[in-house]
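**Student:** my questions concern the predicted model and sequence given below.
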Amino acid sequence: MSIALKTLPWLLALPLAAAAPAADVDAIMAQFPAPGPAQANGLFDALIDAGEDTIASLCDRLVPLGATDDNAPRYALTGLARYASRPDAGRDRDVVEDALLNGLDRAKHPDIQSFLIRQLQQCGTNRSVSALRDFVAHEQLASDAILALEAIGTAKARRALAAQLSRTSGDTQLRVIAALAGDGKHRRAARAIRNRLEAGADANETVHLLSLLASVAGAGAHPDLIDAAGHEAPRVRKAALLHAAELMDARAARKWRKALDNGDLPDDAKAAVMAMLEVQV
């Protein structure tokens, strides 16, 4: 009998102390909440070592809020997503992200989908963009998906958001525009804003849109601001002049002087424009 065969019974008799916690999700879950960060991180490592399928099985244990007690998997997944978002996460992030995407693909209830998308806000990368993009036009999940794509912040994520401008409307489209505005100039977002202005936005929305337009169009917003300076609502005129002053340069000053000369501005805006232009002289 070979040495290997002789020692086999002894090897089989060894306790699987290191493997059992990673393989048994119930054993791991029973240890939450952990007494401290080090112990919690150890449990997260055990879940990650158990693999994507084990983590995805936690996603399958989620239920809509109020249906029954699923605090344990929610707690574990929230902490796991945060743990996987650390800068040195490496492969850990891939395992957790893929498991969350797997769970999201299987989830049917909006409350569960919302929870999983919020975890991807913490640890999502370009791997999540395609899945998240499809939720931007979803009435109940749009806000979560937009925040997740904004948090990912890559060029791919920004393109995915921009692609949804034509598929969204109302407050959802405004959220997409606002997310894009955080990255500076963006032609498609500027075009969407102008379409909303031309469609007859009320005064409150117009003030908000002018702020966004100043962000995504920069100095290119001056013609729109000149138009808004003649708006019937005083708060819109005030907002237009405020943004114009912030964006003013010599080229823009010429456009505003022309508007003054042409009588395109109301009397209460003329003095403010003249003072603004004097600063440029």
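**Tutor:** Done, it's in. Keep in mind that what you see is a predicted model, and the values were worked out from it rather than measured. Residues are numbered from 1 along each chain as shown.
**Student:** every contact and neighbour count from this point should use C-alpha atoms.
**Tutor:** Noted.
**Student:** find the nearest non-adjacent residue to residue 121, please.
**Tutor:** residue 148 (4.2 Å; CA to CA, 6 or more residues apart in numbering).
**Student:** who touches that neighbour in this structure?
**Tutor:** Residue 148 is in contact with 117, 118, 120, 121, 122, 124, 132, counting by CA atoms under 8 Å, 6 or more residues apart in numbering.
**Student:** helix or strand next in line after the helix or strand where it lies, which one?
**Tutor:** Taking DSSP states H and E as the definition, residue 148 sits inside helix 142-152. Using DSSP H and E, the helix or strand that follows helix 142-152 towards the C-terminus is helix 155-163.
**Student:** for that next one, give me every contacting residue.
**Tutor:** Helix 155-163 has contacts (CA under 8 Å, 6+ apart) with 126, 129, 130, 133, 136, 146, 149, 150, 176, 180, 188, 189.
**Student:** tell me which residues of that helix are tucked away?
**Tutor:** 156, 157, 158, 160, 161, 162 (16 or more other CA atoms under 10 Å).
**Student:** now it against helix 142-152, angle please.
**Tutor:** Counting by axes from the mean of the first three to the mean of the last three CA atoms, to 10 degrees, helix 155-163 lies at 150 degrees to helix 142-152.
**Student:** quick one: average confidence on helix 155-163?
**Tutor:** For helix 155-163, mean pLDDT rounds to 96.
**Student:** neighbours around residue 62, how many?
**Tutor:** Residue 62 has 25 neighbours, counted by other CA atoms under 10 Å.
**Student:** just to revisit the earlier point, ok, and the most crowded of the contacts of residue 148?
**Tutor:** When neighbours are taken as other CA under 10 Å, the top entry among those is residue 120 (31 neighbours).
**Student:** tell me the SS of it?
**Tutor:** Three-state assignment for residue 120 (DSSP: H, G, I helix; E, B strand; the rest coil): helix.
**Student:** can you tell me how far it is from residue 97?
**Tutor:** 7 Å (CA to CA, to the nearest Å).
**Student:** anything in contact with each of these two?
**Tutor:** Listed as contacting both residue 120 and residue 97 by CA under 8 Å, 6+ apart are 81, 128.
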